[in-house]
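[1] Sharing a model that was predicted from the sequence below.
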Amino acid sequence: MLRNYFKIAFRNLRRNPVFTGINVVGLAVGLASCLLLYIYISHELSYDNFHPNADRIVRVVMEYSMEGQVNRVQQTGTKVAPEFSRRFPEVELGVRLENRPAVVSYADRKFLEKRVVYADSTLFAIFSFPLKVGNPKTALAGPNKTVLSESTARKYFGNQNPVGKTVRINTGWGDQDYTVTGIVGDSPANSQIKYDVLASFSTLSASKIEQWFSANYATYLLLRKPESIASLQVKIPGFMKTQFGPGQMSAGNYLTYLLEPLRSVHLYSDTEGSFEPNGDRLYIYIFGSVAVLILIIACVNYINLATSRAVERAQEVGVRKVMGALRRQLFGQFMGESVLVTFTALALSLLMVYLTLPLFNELSDRQFSFEMLMQPGHLLGLLGIGLLVSLVAGGYPALVLARFEPVRALTGHLKVAGAGQFRRALIVFQFAVTAFLIVCTLLVRNQLAFIQDKKLGYDKEHVLVLPADGQVNEKIRALKSEFKQHADVQQVARAYESPTFIEGGYSMRRSDKAENQYKSVTALPVDEDFAKTMNLRIVAGRDLTAGDLERATVPGSDSLRHFHFILNESAVKELGWKSPREAIGQKMDMGNGRPGVVGAVVEDFHFASMKQKITPLVLFPEDGGNVVLVKLSGSRLPHTLQFLEQKWKTIVPSLPFAYEFLDEEFNRLYSLETRTGQIFSVFAFLSILLACLGLFGLSAYTTAQRTKEIGVRKVLGASVSNIVLLLSKDFLKLVLIAIVLASPVAWWAMNRWLEGFAYRIDVAWWVFLVAALLAVGIAFLTVSFQSVKAALMNPVKSLKTE
């Protein structure tokens, strides 16, 4: 019986290649879209699940309050891991991590590695990073030991065994020899901790001193039981109150720590990590909804196209029923067709995924592999999806066709109660989804354009960012002098961080305030050329000079040092002055031997993501830094870069000339939003394509039903335009209804998304108008194809056929 069903189904499908092709391709595109988004979603949800101890591992976040300002950072001091391990029975082990860019060299090979992670020896006991070679207990136990990732080991040693060999690592303060003690597998793509080189934490001078503050390190704890997270969290605030003397933490000031379960960090933490940006669960919901909606649209297409062919299948059904076929047998046959079409489409969708996965990887900035879909669990899921789609897409057409009464079917009377309203509802649903995606795509793109075009307060165009180490800091004067010999080099500056994302946390107080009345500020050590290089606008006071730099770096007693502080406008307000001019000359203290005065105030500029409001910022002179910023004119760029590379290699040969542009750093701040906009655009286009196929199916059905009417109207003198308008207006009404239904949902959804930005666009009315015009225009073009075809038919032939 089943064999007969599929044989008849195959013959029917082959007899109508156009409709079969549209059905198969439509479902294949919908399924491929769904599978690609499924790969993305499952990857995001799988972060850190590969650790067997994941349910017992927590990340420690530091929260502190100063003068009512509550701050939360992922970094902690060096004391948290060892002290918590000693004091709390819930804690089994702790590990401290710090990610540092470093120059790693072996023989004649030298590279700037951005993911050199210093870690305690407990790393491999807590996490399950696969140590291919070496002893996990001793690999990082003791100073000057290193473990290389597999790809890094190949880069330096080729096919040789690197264990026991010595590499040199320079994190900015001179070369140090490290013994290679192991090889670890490359960090998994779904791991929040990313590394290329692991080095022993005990090498660092910071490992010798346990401090609550000086928060520069990521801390993770392995608890004895998963349920210990809640009990430990309750104990921490009370314990921390005992760690400070009288007066140290008063007037509402406090320091405590929060525990974040490892598996929830990537999607649920609002505190950025040290290794890569967090994800956003909102986008998981969005992409999951888009995947389901596109798959539903594909199923709707099948329903519309299948019911549009009911006219052609009516006599077949009538004859079969006269010959004794039962309703369930007819239902089984038509469901067989649905299964055949669906699984053909599923096979085609897998081919589409295989071919488009490299493009999707580029679009999503991930490295997905097709093999993940070939795992047994996923293959069973694909089988289930195929059967579900077959039932959803083929169930209604099969019921409609199987319910035809033989006499009415043979005479052509095929009206089914409620069928017309149901098909129209499906079209409204399709175009409502399409209009929703168009509105969202336009608004996401407008917000990203707003970010790119908004005045940042500094000039990010044609600014080169170069790494700085101890040798660069020693020879910065010579480097600046040589660089400026080129006519296209306008300014050169040095700083601890580039201005796109400044993280340095400091405390500051006015000298006329009490000793404990410090305010939390973000601060950046810079040299005298930073403001000129970044084109910061000074609204009061004067810029830094070489003399200010000298006074701030006087060797010997801290009492001899004097700082020329540059505040932004937000810092002036936060510290209690009414205007920038009032702040000039006021004495300040930044702690740690940094007394000085407010020497200048600069206009507020964005030194973090526009998801955050501009907060107090202080620039202060320092004779050192991690980056060199080179402002170029932008003309003859290749020639200028070649000149700079030559000078760099001459003056600082120990450090590779590894540069990037400041606007590239800036764009990385919004990489998630950019990817979202691109993915929205692609899948909005696919939804439009699929919706057009559905509309094509319904217009074909309607045109077939009204063939006789069209013939009569043409005989009576109706023009082509009259007939096109007659056949199109009903569909355009449906599209307009869809837009009206989709607009408030899109308005609500995009306002929720834009709430995440402190600086954002308004949801303008014209976006909905543009979306409406696009949807109506696309619908009209789709329907017009069938309408014009019907209007151009010979009326004599139409009436004869009827």
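    Yep, that arrived.

[2] can you give me phi and psi for Gln192?
    Here is the backbone geometry of Gln192 (degrees, to the nearest 10): phi -70, psi -20.

[3] I'd like the numbering to begin with 18 instead of 1 from here.
    In the new count, where the first residue is 18, that last one comes out as Gln209.

[4] That one: what's it in contact with?
    64-65, 279, 282-283, 290, 292-293 (Cβ atoms under 8 Å, 6 or more residues apart in numbering). (Each C-beta comes from the backbone N, C-alpha and C, glycine too.)

[5] which of these has the most neighbours?
    Leu279 (24 neighbours; other Cβ atoms under 10 Å).

[6] Just list the residues touching that residue, thanks.
    65, 68, 71, 74-76, 209, 237.

[7] before we move on, what about Val317?
    Val317 neighbours (Cβ under 8 Å, 6+ apart): 443, 446-447, 711.

[8] taking the residues you listed one by one, which sit in helices?
    Mapping those onto helices (DSSP state H) picks out 443, 446-447, 711.

[9] right, and the pair among these with maximum separation?
    By the measure Cβ to Cβ, Phe446 and Gly711 form the most distant pair in the ones in helices among the contacts of Val317, at 9.3 Å.

[10] Between these two, point out the one with more neighbours.
    Gly711 (28 against 20).

[11] Tell me who's in contact with the more buried one.
    Applying Cβ under 8 Å, 6+ apart, the residues near Gly711 are 314, 317-318, 321-322, 443-444, 447.

[12] Recalculate using a threshold of 7 Å.
    314, 317-318, 321, 443-444, 447 (Cβ atoms under 7 Å, 6 or more residues apart in numbering).

[13] May I have the helix or strand Leu284 falls within as CSV, with CA atoms only?
    Element membership for Leu284, per DSSP states H and E: helix 279-285. Extracted in CSV, the C-alpha atoms of helix 279-285 (Å, rounded to 0.1, in the frame of the first residue of the first chain):
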residue,chain,number,x,y,z
LEU,A,279,29.7,29.1,34.7
ARG,A,280,27.0,28.1,32.2
SER,A,281,25.0,31.3,32.6
VAL,A,282,27.9,33.7,32.2
HIS,A,283,27.9,33.9,28.4
LEU,A,284,24.2,34.7,28.0
TYR,A,285,23.0,36.0,31.3
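
[14] right, and the helix or strand after it?
    helix 298-325.

[15] That following helix: which residues count as buried?
    Neighbour-count burial for helix 298-325 flags 300-301, 303-305, 307-308, 310-325 (criterion: 16 or more other Cβ atoms under 10 Å).

[16] Widest-spaced pair of the contacts of Gln209?
    Taking Cβ to Cβ, no two of these sit farther apart than Leu279 and Glu293, at 14.4 Å.

[17] if we can go back for a sec, from the contacts of Val317, which single one is nearest Leu357?
    Gly711 (20.5 Å).

[18] on that earlier part again, quick check: which of the contacts of Gln209 has the minimum pLDDT.
    Across those, no position has a lower pLDDT than Gly290, which has 67.

[19] still on that earlier bit, would you mind putting the contacts of Val317 into TSV with distance to Val356 and pLDDT alongside?
    Listed next are the contacts of Val317 as TSV, based on distance: Cβ to Cβ, whole Å; pLDDT from 0 to 100:
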residue	distance to Val356	pLDDT
Leu443	21	76
Phe446	24	83
Gln447	23	80
Gly711	21	70
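
[20] Between those residues, which sits nearest Val133?
    So of the contacts of Val317, ranked by how close each gets to Val133 (Cβ to Cβ), first place is Gln447, at 52.0 Å.

[21] need the helix or strand of this protein with the lowest average pLDDT.
    One helix or strand of the chain scores below all others by mean pLDDT, DSSP states H and E: helix 423-428, with a mean of 54.

[22] domain ranges for this protein?
    Domain assignment for the chain, taken from automatic domain parsing, gives 18-56+297-433, 71-285, 480-685.

[23] just so I have it, where are all the strands in the stretch 468-617 of the chain?
    Here the stretch 468-617 of the chain has its strands, by DSSP state E, counting those that start in this stretch, at 480-484, 506-512, 522-527, 536-543, 555-558, 580-585, 604-606, 612-619.

[24] Would you list the strands that the third one pairs with, along with their directions?
    According to DSSP bridges, strand 522-527 has the following sheet partners: strand 536-543 (antiparallel), strand 604-606 (antiparallel).

[25] picking up where we left off before, which of the contacts of Leu279 fall in strands?
    Mapping these onto strands (DSSP state E) picks out 74-76, 237.

[26] which one of those is nearest Ser652?
    Using Cβ to Cβ, Arg76 comes nearest to Ser652 of the ones in strands among the contacts of Leu279, at 47.0 Å.

[27] Quick check: nearest residue in space to that closest one, chain neighbours excluded?
    The spatial neighbour of Arg76 that comes closest, neighbours along the chain excluded (Cβ to Cβ, 6 or more residues apart in numbering), is Glu277 at 4.6 Å.

[28] for stretch 736-748, which positions count as buried?
    Buried-residue list, stretch 736-748, by 16+ other Cβ under 10 Å: 740-741, 743-745, 748.

[29] want to throw the domains of the chain into CSV with distance to Asn463?
    Shown next, in CSV, are these (distance: least, Cβ to Cβ, whole Å):
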stretch, distance to Asn463
domain 18-56+297-433, 17
domain 71-285, 26
domain 480-685, 14
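
[30] Which of those comes out lowest on mean pLDDT?
    Looking at those, the weakest mean confidence is domain 18-56+297-433, a mean of 74.

[31] tell me the SS of the most centrally placed residue in the chain?
    For the chain, the residue sitting closest to the mean C-alpha position, by Cα atoms, centre = their mean, is Leu689 at 2.6 Å. Three-state call for Leu689 (DSSP: H, G, I helix; E, B strand; the rest coil): helix.

[32] so it makes contact with Asp297?
    Yes - at 6.3 Å, Leu689 counts as touching Asp297 under the criterion of Cβ atoms under 7 Å.

[33] which strands and helices sit next to the longest helix seen in the chain?
    The single longest helix within the chain, with elements called by DSSP H, is helix 344-381. Under the contact definition 3 or more Cβ pairs under 7 Å, 6 or more residues apart in numbering; DSSP states H and E, helix 344-381 sits against helix 19-32, helix 34-62, helix 393-419, helix 688-722.

[34] Of the strands of the stretch 468-617 of the chain, flag the one that's most buried.
    strand 580-585 (a mean of 26; mean count of other Cβ atoms under 10 Å).

[35] Quickly run through the sheet partners of that strand, with directions.
    strand 612-619 (parallel), strand 634-638 (antiparallel).

[36] I'd like the ones you listed laid out as a markdown table, including distance to Val461.
    Below are those laid out as a markdown table (distance: least, Cβ to Cβ, whole Å):
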| stretch | distance to Val461 |
| --- | --- |
| strand 612-619 | 32 |
| strand 634-638 | 29 |
